[in-house]
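**Student:** Predicted coordinates and the sequence they were generated for:
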Amino acid sequence: AQSVTQLGSHVSVSEGALVLLRCNYSSSVPPYLFWYVQYPNQGLQLLLKYTSAATLVKGINGFEAEFKKSETSFHLTKPSAHMSDAAEYFCAVRNSGNTPLVFGKGTRLSVIA
Amino acid sequence: EAGVAQSPRYKIIEKRQSVAFWCNPISGHATLYWYQQILGQGPKLLIQFQNNGVVDDSQLPKDRFSAERLKGVDSTLKIQPAKLEDSAVYLCASSLGLAFTGELFFGEGSRLTVL
């Protein structure tokens, strides 16, 4: 069965510092991987997705993620954190076919001025 | 374009009462999903529709939860009778089709508190 593990339920960074949110996946077949962001009292919004094309994926708001098959990882990064990046971030995986999108437990990002 | 609409945004009920949530997906989106998000956890799929047919309801507690999408557009999720552990945010999402690379568009959610 497919699953994702997000390391760290809460990450705190200073404004301007590097953001690194970790995600490891488990899948018996090549996966499709996603990062979603959820701002307070809002729905989830797609940040970026990996669909077996380029392993380095660029998303919105300056975020990017790199698919590393050897490490079964899909970590999310941003070179310089902004106060507006404070939110909950979810990694998700989906296999081919009709399998559902499976989410990790989420990582709450706090940005300190 | 208009996003996914959900109502009500908040609902407080006592255990054993019933509740219904409504979702209107983005126009033209054939696939509709209901997810349950318990505090501190990621969203969990309850049911997935393709037009008005059910694609996956394997994680829907069918003894108390029901959902329908009669005309292949909007959908209703019902809980009867509610339990304390049903306290969660119920998220509705839609997508153009079943393509597994496709983006899901989420509504703002309906927050249920069961006392």
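**Tutor:** Looks like it arrived, so ask away.
**Student:** Nearest the geometric middle of chain B, what residue?
**Tutor:** Geometric centre of chain B, nearest residue: B:Trp34, 2.8 Å, by CA atoms, centre = their mean.
**Student:** How about chain A?
**Tutor:** Central residue check for chain A by CA atoms, centre = their mean: the C-alpha nearest the mean position is that of A:Trp35, 3.6 Å away.
**Student:** confidence score at the residue nearest to the residue nearest to the centre of chain B when sequence neighbours are not counted?
**Tutor:** In this structure, B:Trp34 finds its nearest non-sequential neighbour in B:Leu46, 4.5 Å apart by CB to CB, 6 or more residues apart in numbering or on different chains. Where C-beta positions appear, they are placed from N, C-alpha and C, glycine not excepted. On the pLDDT scale, B:Leu46 is placed at 97.
**Student:** quick one: what helix or strand has B:Leu46 in it?
**Tutor:** strand B:44-50 (DSSP states H and E).
**Student:** What pairs with that strand, parallel or antiparallel?
**Tutor:** Sheet neighbours of strand B:44-50, with direction, are listed as strand B:31-37 (antiparallel), strand B:53-56 (antiparallel) (DSSP bridges).
**Student:** that older thread, quick check: the residue nearest to the centre of chain B touching B:Ser75?
**Tutor:** Yes: look at B:Trp34 against B:Ser75 with CB atoms under 8 Å: they come within range, at 7.2 Å.
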